[in-house]
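1. Got a predicted structure here, sequence first:
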Amino acid sequence: MTVVLLALDALDAGLVEHFGVAEFELETSQQIETFAHAKDMPYTPEVWATVATGLSPEEHGITGSGTSEWSNPVLELASQFTGRLNESTRGTLGRFVRDKTGEREQIGETDAETIFDRDGAVVHNWPGVYDGSDLQRAWDLMNAIAEGMPKHEFERELLGLGAQQFGWTREMLNHDVSLIGVHVHTLDAAGHAYAEDEEPLRRIYERVGRFVDELVQALGPDDDLLLLSDHGMRTSFYGKEDEEGFPASHSWRAYASSTTDSVPADVFDVVDWIDEHVSHQTVSGERIDIDEEQLRNLGYI
Ligand SMILES: [Zn+2]
């Protein structure tokens, strides 16, 4: 019995409905609560470290203060406008941003206990917890398209990266593991790039939906999948812009869906959900059932 925890960055509850991608709607689905700490809106490494630890950024130590998804505030601001600019203006802005961008800061990793410390758990990449290099690759692609990388190259690289992550996840289902964790940045990168470009973003949602379906098809009868996001994405074509803020900034519409009869209601509740669904199983699927008396006799308590 294996639980897959699939972190689909920026999967937006409103856009799931707007685009009608049924593959994101498993047995139980709902919009969930998320939070902002260092910034006005949810910040990716902070939220994913909270998902994995159940702790606040003060407690797990991964915060956005002093770091930016966009290397520096100039680039972050530029990301909100690049969609509205023509190619040559984008290129000029890109060079300006490149000149102003110094050495990139690394994403930290928490020292706190995480859900991936449990017996039989495997994790591929998870912001703030384990191996931020895939997230850095996705951020590099976001920077590249802001500097004028052709869309077909951006999509080829971005979906290629996502395909590797989904492929690894499917392979892990063939092994004796209790929990599989993977973070996929495809929808966040595409959401920033296509916040004013409805059809390309719809295509990316549909493509990622097919990745999810392939994963669902690979689940065994006792396996479960929880997919969730850290926030959504504001776009020019969904929601009211005056209420929603700038397209290409993060929205509050985080989302969760699972193959079971429940989902966590809040990003802080994921640890409990995981405990409930995997903690009493050993890797081989046998229930651990040791009573207090035995533990006392063995000298553990
Ligand atoms: Zn994010």
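-> Arrived safely, thanks for sending.
2. what about Leu158, how many neighbours?
-> 24 (other C-beta atoms under 10 Å). Backbone N, C-alpha and C define where each C-beta goes, glycine included.
3. Check the one 3 residues further on too.
-> For Leu161, the tally of surrounding residues (other C-beta under 10 Å) stands at 17.
4. Who are the contact partners of whatever residue of the stretch 201-301 of the chain ends up closest to the ion?
-> Among the residues of the stretch 201-301 of the chain, Asp230 lies closest to the ion, at 4.4 Å counting by C-beta to the ion. Contact analysis of Asp230 by C-beta atoms under 8 Å, 6 or more residues apart in numbering lists Ala7, Asp9, Ala10, Thr34, Pro42, Thr44, Val47, Trp48, Val51, Ala254, Val267.
5. same for the ion: which of those are within range?
-> Here is what survives when the contacts of Asp230 are matched to the ion using C-beta under 5 Å from the ion: Asp9, Thr44.
6. Out of the contacts of Asp230, which sit inside helices?
-> Under the assignment DSSP state H, the contacts of Asp230 contribute Thr44, Val47, Trp48, Val51 to helices.
7. What is the lowest-pLDDT residue among those?
-> Among the ones in helices among the contacts of Asp230, Thr44 carries the weakest pLDDT, at 94.
8. you'd agree it is up against Ala189?
-> No: contact between Thr44 and Ala189 fails when scored by C-beta atoms under 8 Å: they sit 11.0 Å apart.
9. Of the contacts of Asp230, which is the most crowded?
-> Ranked by neighbours (other C-beta under 10 Å), the contacts of Asp230 are led by Val51, which has 31 neighbours.
10. The residue nearest to that residue when sequence neighbours are not counted - how many residues pack around it?
-> Spatial nearest neighbour of Val51, chain neighbours left out: Val270 (4.7 Å); criterion: C-beta to C-beta, 6 or more residues apart in numbering. The number of residues packed near Val270 is 24, by other C-beta under 10 Å.
11. Could you do Trp139 as well?
-> A total of 23 residues lie near Trp139 under the criterion other C-beta under 10 Å.
12. Please apply the same query to Phe246.
-> Number of residues near Phe246 (other C-beta under 10 Å) recorded here: 13.
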